[in-house]
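*Asks:* What follows is a predicted protein model with its sequence.
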Amino acid sequence: MEELKGIIFDIIYRNEENGYTVALLETDINIITITGSFPSDLTNETIQMYGKYVKHPKYGEQFQVEAYSILLPTQLDAIENYLASGMIKGIGPSTAKKIVETFGDNTFSVIQNNPERLTEIEGIGEIKAKTISESFINQLDIKEIMMFLQSHNISPNYAVKIFKQYGNSTISVISENPYKLAEDVFGIGFKLADKIASSIGVEKHSSFRIASGLKYLLMEGAAKGHSYLPQSVLINMAVALLGADKEVITLEIRNMAFQDKLHIENINGQECVYYIPYHNAEINVCNKLISLSSIDFELTEEEIEKLLNVSQQDNSIELTETQNLAVKEAIKNGVTVITGGPGTGKTTIIKTIIDIFEKINKKVLLSAPTGRAAKKITESTCREAKTIHRMLEYAYGESDSNLTFNKNEDFPLDADAVIVDEVSMLDIILMNNLLKAIKLGTRLILVGDMDQLPSVGAGNVLKDIIYSEAIDTIRLDKIFRQAQGSSIIENAHRINSGNMPTCNEKDSDFFFMKKSTNKDISDLIVELYTERLPLKYSIDPVKDIQVLSPMKKGDAGVIELNNKLQEIINPPSKLKAEKVVGKVIFRVGDKVMQIKNNYQLPWNIHIEDGKDIEGEGIYNGDIGYIIFINEKDQELIVEYDDKKEALYNFSQLDELILAYASTVHKSQGSEFPIIIMPITWAPEMLLTRNLIYTAVTRAKNLVVLVGQEKYLEFMIKNDKIDNRYSALDLRLKQVKEFYNWE
């Protein structure tokens, strides 16, 4: 790493959002262009910096700053220039000259420690002296903060993110709890926070470090779907992560439980540990479901039967016995679950339920966990459906952990019935927030496919509710005539029953193409995506084809497939701007996916001859297309569904990935005209029946599987579902049994 020292005398470009700066630095011998991330305008600052010289193809040689410290000037003329630069409020060139002439080498000391002495200078009163001192100290605070962060090996990019998060409280926050960085700043994990903690003197076996590690492990468990962890599992994980003794960890678990930070509970004879928010959510969901389901409604069986007959006549439909039962239960029960695979008539049931409620002047709200799922139900019912977040009116918060909703127990939803589709995607935290906003007397209808992959977040909500047998559940298993012509739907049900799909028949929409090696599989997928399928079906591959893979790495993994597809579909061009982020190249025209919920990211929809529509929030799994990259302003624009345009600073690009190919997990709640999927070796936990079932049911028109038949057979036989630690089903059973006993 090279070293450079000088004074920044001109800012060529500065992005206030992410701190990226291009500036001219005057050294003792020449003038050099520097680039880097700085939290504030450093004009006239003396900088000691470390980095490397790079050759920019357009702007020539530059010094790329990787670390730096700000030095206060020592020469009197430099001190005067610094004060006159405009950085210090209340001081112009003439005042700066007077201050330096009066106090000389002691100028900075007087301003910082004895600002009342500034009143000795004509034109400076007490208020102005205070303003000058406060402004000077604020600049020193920023310098001190950046030097503090860099002294702990935090890169300038992360330093800017941290400073924007905590401002002048940065040093105190990190000194008090460096592990907050892992919670509050996207991209900083526990291990980096732990290194910082170590560098500021946190002892390896300190109670504070052990507690932070335990919380991290429980949060990581939640990210993998677990509402709790068995204590023995948690202790072994903590030993591996923290290098501490089991006895020390066990004692800390007990201490945290006494402080109500954790909850310890015996579940099926095993000591289990919850992080408190997940325990509270599970308890609340159980109690609210039982309460809602216990409400009696005024409609009689005869009245419901009559309404159902009228609805069928009006809409020229004839429901099966099971569909009839589903509608009746939804009308008369406080809570009803309707579950079934593709083509089993869930949409027809929803439309009938809505029609009946509207006939008796009952207000119905429709919702789903994701934007794509909400759009799908809107199209199928011709009624507006919102994401659950929008329906609950999410309030400001930069992450899931501090998200709040305006709709809650104090301000409930104004509805007589709430219908939620794709419930398999609901985690326990979101379910808890949804139920808080539903007042007693409102019917709740939960619709979903219990055989899909479970939620990305903690819990096993839909399956737990069904397995508990505490809530009325209607299972749909008949495939309807209009769906029977689709090999996709028939094969989805075959797969779900443990049977191999029927492939490659004449006029089929379901194909299996055999290839033996991962390279051959990958090459054929690229050929299908870029040439064969677009030519045969006259489609736009980027918009109409989605490659789904079980894994991220390897020749047939998402990362490599994205690179290959991008190279052919959207190659480099002098006419297309691009931005390199780590090993990923983002280019105008690329298909991308948001990989974290960002509730504050603004978007707008341009309306010709009208006022633009504005909003906030882009969510994990949303797919869009890069339409603009500006290297100078360090900005990138992605266009999402419904023409929403979201502006990203370059510092936010760790929230995006290429999306020509994506994991099956990321595709939940979405539907694509065509899906292509590699079928090859992967870890056993990924080669499961519910994964291949979920992938196949994402396709509307065509499925193409590429690979080895033996792995397809293995997936279909492997109906072992990765065990999730969740106890909602047990709680529902216990509460239901208690009420029945009473």
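*Replies:* That came through fine.

*Asks:* where does the stretch 251-400 of the chain dip in pLDDT?
*Replies:* Counting by pLDDT under 70, the stretch 251-400 of the chain shows low-confidence ranges at 396-400.

*Asks:* count of residues packed around the closest residue to residue 339 other than its chain neighbours?
*Replies:* Excluding its sequence neighbours, the residue lying closest to residue 339 (C-beta to C-beta, 6 or more residues apart in numbering) is residue 450, at 4.8 Å. C-beta here means a position set from N, CA and C on the backbone, and glycine is covered the same way. Other residues within reach of residue 450, judged by other C-beta atoms under 10 Å, total 20.

*Asks:* what helix or strand does residue 336 sit in?
*Replies:* Assigned by DSSP states H and E, residue 336 falls within strand 335-340.

*Asks:* what's that strand in contact with?
*Replies:* Residues outside strand 335-340 that contact it (C-beta atoms under 8 Å, 6 or more residues apart in numbering) are 289, 292-293, 326, 329-330, 346, 349, 423, 443-450, 462, 465-466, 471-477.

*Asks:* can you give me the strands for the stretch 151-300 of the chain?
*Replies:* With DSSP state E, counting those that start in this stretch, the ranges of strands along the stretch 151-300 of the chain come out as 228-230, 262-267, 270-275.

*Asks:* meant to ask about the stretch 401-550 of the chain
*Replies:* Under the criterion DSSP E, counting those that start in this stretch, the stretch 401-550 of the chain contains strands at 417-420, 443-448, 473-476, 510-514, 545-549.

*Asks:* From the contact counts, what lies against the first one?
*Replies:* Taking 3 or more C-beta pairs under 8 Å, 6 or more residues apart in numbering; DSSP states H and E as contact, the helices and strands that strand 417-420 lies on are helix 346-359, strand 364-368, strand 443-448.

*Asks:* one step back: show me just the buried residues among the contacts of strand 335-340.
*Replies:* Neighbour-count burial (16 or more other C-beta atoms under 10 Å) applied to those gives 289, 292-293, 326, 329-330, 346, 349, 423, 443-450, 462, 465-466, 471-474, 476.

*Asks:* hmm, back to that, can you put the helices and strands packed on strand 417-420 in CSV and add distance to residue 574?
*Replies:* Shown next, in CSV, are these (distance: least, C-beta to C-beta, whole Å):
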stretch, distance to residue 574
helix 346-359, 48
strand 364-368, 43
strand 443-448, 49
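
*Asks:* My guess is residue 689 contacts residue 714. True?
*Replies:* No - judged on C-beta atoms under 8 Å, residue 689 makes no contact with residue 714 at a distance of 9.8 Å.

*Asks:* and of the helices and strands packed on strand 417-420, who's closest to residue 579?
*Replies:* Of all the helices and strands packed on strand 417-420, it is strand 364-368 that lies closest to residue 579, at 32.8 Å by C-beta to C-beta.

*Asks:* partners of the closest one in the sheet?
*Replies:* Using DSSP bridges, the strands paired with strand 364-368 in its sheet are strand 385-387 (parallel), strand 417-420 (parallel).

*Asks:* out of the ones you listed, which comes closest to residue 704?
*Replies:* strand 385-387 (30.2 Å).

*Asks:* helix, strand or coil for the most centrally placed residue in the chain?
*Replies:* The chain has residue 596 as the residue nearest its centroid, 1.8 Å off, counting by C-alpha atoms, centre = their mean. Put simply, residue 596 is coil when judged by DSSP: H, G, I helix; E, B strand; the rest coil.

*Asks:* ok so, going back, mind putting the strands of the stretch 151-300 of the chain in CSV, distance to residue 177 and mean neighbour count included?
*Replies:* What follows is these, written out as CSV (distance: least, C-beta to C-beta, whole Å; neighbours: other C-beta atoms under 10 Å):
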stretch, distance to residue 177, mean neighbour count
strand 228-230, 22, 22
strand 262-267, 17, 16
strand 270-275, 16, 20
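
*Asks:* Format those as TSV; extra columns: distance to residue 619.
*Replies:* Below are the strands of the stretch 151-300 of the chain laid out as TSV (distance: least, C-beta to C-beta, whole Å):
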stretch	distance to residue 619
strand 228-230	26
strand 262-267	29
strand 270-275	23
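
*Asks:* Would you mind saying which of those strands lies nearest residue 535?
*Replies:* Here strand 228-230 is closest among the strands of the stretch 151-300 of the chain (C-beta to C-beta), at 51.2 Å.

*Asks:* ok, the closest one: who's next to it in the sheet?
*Replies:* strand 270-275 (antiparallel).

*Asks:* Report the backbone C-alpha coordinates of the partner strand in PDB.
*Replies:* Taking C-alpha atoms only, strand 270-275 is exported to PDB below (Å, rounded to 0.1, in the frame of the first residue of the first chain):
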ATOM      1  CA  GLN A 270     -35.800 -31.000  25.400                       C
ATOM      2  CA  GLU A 271     -34.500 -27.700  26.800                       C
ATOM      3  CA  CYS A 272     -35.000 -25.100  24.000                       C
ATOM      4  CA  VAL A 273     -33.900 -21.500  23.700                       C
ATOM      5  CA  TYR A 274     -35.900 -18.700  22.000                       C
ATOM      6  CA  TYR A 275     -34.800 -15.200  21.300                       C
END
